[in-house]
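Engineer: Please work out how this folds:
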Amino acid sequence: MMEINQYLDSTYLKTPEQSGLTEEQTFEKVRELTDEAIAYHFKEVMIRPNYVKLIKDYLLSKNSDVLVGTVIGFHEGTYSLEDKLKEANQAILDGVDELDYVINYEAFKAGDLDLVKKEFVAGTKLGLDFGKTVKWIIEIAALSDAQIADLTSNIWNWAQENFEEKDFSRIFVKSSTGFYVTEGGKPNGATFEGVKIMLDNAGKLPVKAAGGVKTPADAEKMIAMGIQRIGTSAAKALLGEGKSDGAY
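Structural biologist: Residues are numbered from 1 along each chain as shown. Next up is the predicted model:
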């Protein structure tokens, strides 16, 4: 089987309120996720901002090269630019390696491209200035195929206009938060069809498929298509160990 460990961003993003756990129990789940990432040599743990410093320090104590990523403007994406930059700045101070912003896809759908471009440029510049990788979650379940293509191509165009080619490998387009509520049982994460549209329109920017990748075969197919990362809450299942719980 293909070695996919280094494609995997092992993810836990539920708040205590969402999971029905206490703060202490939630942190224990985050720490367990981190121990698993260390043991299986995953690329990254993707966690809420309030855990970044604790987990970064924990990884350093273990001499691990697993990266720490966090979400910004999560999960609706409608936070103000000021709030997104404040949250990102704090994560940087706490030692984060990668910033996964939720782009304001509602503003995009409403036609406010100026707002979306402004937050893309400012958020990306902040991350790159501090040597971080930046990913932009476009929430494909909330978009039509044409909107997926349009938003992805706009991100690629804005990247070319505002950043250098050497930066492109650190500016991702990412499919999903995993928290968008769909109707009729429609998938709320990455689909092969949606990811293909992203890949076709992202230019030289890497693409991350988040959510919806449930089996080793799914992961291998996504990688063969050209994605560079997979976000999953069932990373071991993608290695053929255990089963996905049906979540992100």
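Engineer: only C-alpha atoms for contact and neighbour calcs from this point on.
Structural biologist: Will do.
Engineer: hey, where'd the helices end up in this protein?
Structural biologist: Ranges of helices in the chain, per DSSP state H, are 16-19, 23-40, 52-61, 81-93, 105-109, 113-129, 145-162, 192-201, 216-225, 235-238.
Engineer: In the fifth one, which residues are buried?
Structural biologist: Within helix 105-109, the residues that qualify as buried are 105-106, 108, counting by 16 or more other Cα atoms under 10 Å.
Engineer: Tell me where the model's unsure across the chain.
Structural biologist: 1, 242-247 (pLDDT under 70).
Engineer: Does Ala149 touch Asn201 like I think?
Structural biologist: Yes. Judged on Cα atoms under 8 Å, Ala149 makes contact with Asn201 at a distance of 5.9 Å.
Engineer: Generate JSON lines for the helices of the chain, with distance to Gly69 as supplementary columns.
Structural biologist: JSON lines is the format used below for the helices of the chain (distance: least, Cα to Cα, whole Å):
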{"stretch": "helix 16-19", "distance to Gly69": "19"}
{"stretch": "helix 23-40", "distance to Gly69": "12"}
{"stretch": "helix 52-61", "distance to Gly69": "8"}
{"stretch": "helix 81-93", "distance to Gly69": "9"}
{"stretch": "helix 105-109", "distance to Gly69": "21"}
{"stretch": "helix 113-129", "distance to Gly69": "12"}
{"stretch": "helix 145-162", "distance to Gly69": "21"}
{"stretch": "helix 192-201", "distance to Gly69": "21"}
{"stretch": "helix 216-225", "distance to Gly69": "20"}
{"stretch": "helix 235-238", "distance to Gly69": "15"}
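Engineer: ranking those helices by burial, who's on top?
Structural biologist: helix 235-238 (a mean of 23; mean count of other Cα atoms under 10 Å).
Engineer: Would you mind pulling up the elements that that helix packs against?
Structural biologist: Other helices and strands packing on helix 235-238, by 3 or more Cα pairs under 8 Å, 6 or more residues apart in numbering; DSSP states H and E, are strand 8-12, helix 216-225.
Engineer: between these, which one is nearest to Phe42?
Structural biologist: For the helices and strands packed on helix 235-238, the distance to Phe42 is smallest for strand 8-12, at 5.6 Å, taking Cα to Cα.
Engineer: And that closest one, how far out from the chain middle?
Structural biologist: 9 Å (Cα atoms, centre = their mean, to the nearest Å).
Engineer: So the nearest residue to Gln147 once chain neighbours are set aside versus Ser64, what's the distance?
Structural biologist: Nearest residue to Gln147 in three dimensions, chain neighbours excluded: Lys109, at 7.8 Å (Cα to Cα, 6 or more residues apart in numbering). Applying Cα to Cα, to the nearest Å, the value for Lys109 to Ser64 is 41 Å.
Engineer: cool, Gln90 as well?
Structural biologist: With distances taken as Cα to Cα, Gln90 is found 22 Å from Ser64.
Engineer: ditto for Gln18
Structural biologist: With the distance defined as Cα to Cα, Gln18 ends up 29 Å from Ser64.
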